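# Generate coordinates for the sequence data below:
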Amino acid sequence: MDYYKLKKPNVDEFIAELRKEYSVYAPVDKVGITSFAPLAEGQSPNMDFLLTQKPAKEVFYPQTEVLLHFEGDQTTPAEYTGGPIAIFGVRPCDARGFKIVEKVFVDDRYKDFYWLARRKDSLVIAVGCNSPVPECFCNWVGGGPFGTEGSDVLAIDTGEQYILEPITELGKKALSAMNCLEKATPAEVKAVDAPKATAIESMTKPPEMENLKASLDSLFDDPLWNDVTAKCLGCAVCTYSCPTCYCFDIQDESRRGKGVRLRIWDTCQFPIFTKEGSGHNPRKSQMSRLRQRYMHKFSYMIETISEFGCVGCGRCVTACPVNIDVREFIVKSLEKAQQKGAAV
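The predicted structure is shown next:
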C-alpha cells in the first residue's frame, strides 16, 4: 500500500484540490469556538487544536435542520442540495463517532435519508493524536489516538509534514489523484512508529471494561447514582458536546399558514425530555436522568448496536462545570459491583 506525504506549507493547496470535488469542512474559529464548518475559497483550517469544542457529527447531523416545508395541508420534504462532503482534520474519536451514530440512524428497518444525503460519497480525513490530553480515554472504549474506524485517510503529524495512510478504497483513490502529494519513502513511513507508541503509552490504562455492562445493570437501584448526581446541574453540556449523542426534538415554526418542521438536538438531561402529555414524567429527578445517560452509553447500546455509545473523546470531562468525570464513575461502578459480587 502506498503512503503519501503532505508538507504543511501545501495544506492550502491540498484543500483547494479537494474543493474541486467536495464541499470541504475543517476546523475553524468563530467567536472563540473551534468547530467544523465549510471552508470558504482561500480560507485555511485551524490545525492548532486537539479537539474542537463542538463535535464533528454536526457536519452530517446539524444541530438545527429543516425536515420539510409546509403551506396549508401541502408538505414538501427538504433536501440536501450540497455536493459530496470532505472533512479534513477530524480526530479518530470523532470519526469513530460517525459510525456509531450511523448504526442508530441507518439499519435494516429504518433509514434516515437526511443523514444519508450528507454521508453519501463523503471523504473523512482524520489526523492522529500525537499528544492526547489527560481527559482523553478513547483506549477505554475500543479506540485509540491513531484509530482508523470511520476514516478514509489517517494523517500522522511528523512535525514538518503529514504522512497520509489510505484506509479505504475511496481514500486510496482520493490521495492518488492529488497533484500536491508525493509518495512517502519507507523510512518516512517507519518514522511514524515512534510518535504513535509515545502517544499510546501516555494514556491512562483502562480498567476491565468488559465487566461494565453487567456491573451497571446490577447497580441500577444503588445509592451510587445519588452520589454522582449530587453536584450535577443538569446543564446538558455533556450531551451537546458528545460525538455520539443523537437524541432530537421536532418542532414546527409557522406564520400565516406556512412554515417549516425542524429537527433540533435534544437531551435526556432536560426534565421536559420525557414529560408526557398527561403531565407525568417517568424521569422527574436529575438522578434518573443522569442514570439514563450512563446506562444508555454503557449498557443499553451494547444490547442494541453491540458497542459502547462513547468514543472516549473526553469533551464531557473537560466541559462539565462541576467536574463530573465519567471515568471516575466507571471505576467506582466496577469496584462496587465486584464488592457486591454482582459483576460477571
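
# CA atoms for contacts and neighbours, from now on please.
Fine.

# just checking, I100 touches G309?
Yes: using Cα atoms under 8 Å, I100 makes contact with G309 at a distance of 6.9 Å.

# Can you pull the residues that touch both of these two?
Taking Cα atoms under 8 Å, 6 or more residues apart in numbering as the criterion, I100 and G309 both touch T244.

# Show the pLDDT at P132.
We have a pLDDT of 96 for P132.

# Next: A343.
52.

# and what of Q286?
pLDDT at Q286 comes out at 97.

# Isn't it up against K231?
No: at 10.1 Å, Q286 and K231 do not qualify as touching, with contact defined as Cα under 8 Å.

# Those two: which is more packed in?
Q286 (20 against 12; other Cα atoms under 10 Å).

# For that one, give me its contacts.
T229, C232, G234, Q269, P271.

# can you rerun that using 10 Å?
Going by Cα atoms under 10 Å, 6 or more residues apart in numbering, Q286 touches W225, N226, T229, A230, C232, L233, G234, C268, Q269, F270, P271, Q292.

# Also E328?
V228.

# how many other residues sit next to L219?
The local packing of L219 (other Cα under 10 Å) involves 18 other residues.

# Quick check: which ranges of the chain have low pLDDT?
The chain contains residues with pLDDT under 70 at 342-344.

# Could you list the domains of it?
Partitioning the chain according to automatic domain parsing yields domains covering residues 4-54+81-202, 209-340.

# Can you get me the start-to-end distance on the last one?
Spelled out, that is domain 209-340. This stretch, domain 209-340, spans 17 Å end to end (Cα to Cα, to the nearest Å).

# now that domain, how far from the chain's geometric center?
Computed by Cα atoms, centre = their mean, to the nearest Å, the separation of domain 209-340 from the middle of its chain amounts to 15 Å.

# Repeat that for the first one.
Its chain's C-alpha centre and that of domain 4-54+81-202 lie 12 Å apart, by Cα atoms, centre = their mean.

# Likewise for stretch 79-95?
In terms of Cα atoms, centre = their mean, the centre of stretch 79-95 is found 12 Å from the chain centre.

# got the buried residues for that stretch?
Neighbour counts over stretch 79-95 (16 or more other Cα atoms under 10 Å) mark P84, I85, A86, I87, F88, G89, V90, R91, P92, C93, D94, A95 as buried.

# ok, so of these, who is nearest P282?
P282 lies nearest to D94 out of those, by Cα to Cα, at 32.0 Å.

# so what secondary structure elements neighbour the helix or strand hosting that closest one?
In this structure, D94 sits in helix 92-105 according to DSSP states H and E. In terms of contacts (3 or more Cα pairs under 10 Å, 6 or more residues apart in numbering; DSSP states H and E), helix 92-105 is packed against strand 85-90, helix 113-119, strand 123-127, helix 301-305.

# Can you give me the buried ones in it?
Buried, per 16+ other Cα under 10 Å, within helix 92-105: P92, C93, D94, A95, R96, G97, F98, I100, V101, E102, V104, F105.

# so F298 makes contact with L212?
Yes: the pair F298 / L212 is scored as a contact, 7.0 Å apart, by Cα atoms under 10 Å.

# before we move on, the earlier item: so which of the helices and strands packed on helix 92-105 comes closest to N46?
With respect to N46, and counting by Cα to Cα, the nearest of these is strand 85-90 at 8.8 Å.

# For that closest one, enumerate its sheet partners and note whether each is parallel or antiparallel.
strand 23-30 (parallel), strand 123-127 (parallel) (DSSP bridges).

# Which of those has the highest mean neighbour count?
Burial of the strands paired with strand 85-90 is given as mean neighbour count (mean count of other Cα atoms under 10 Å); strand 123-127 ranks first at a mean of 27.
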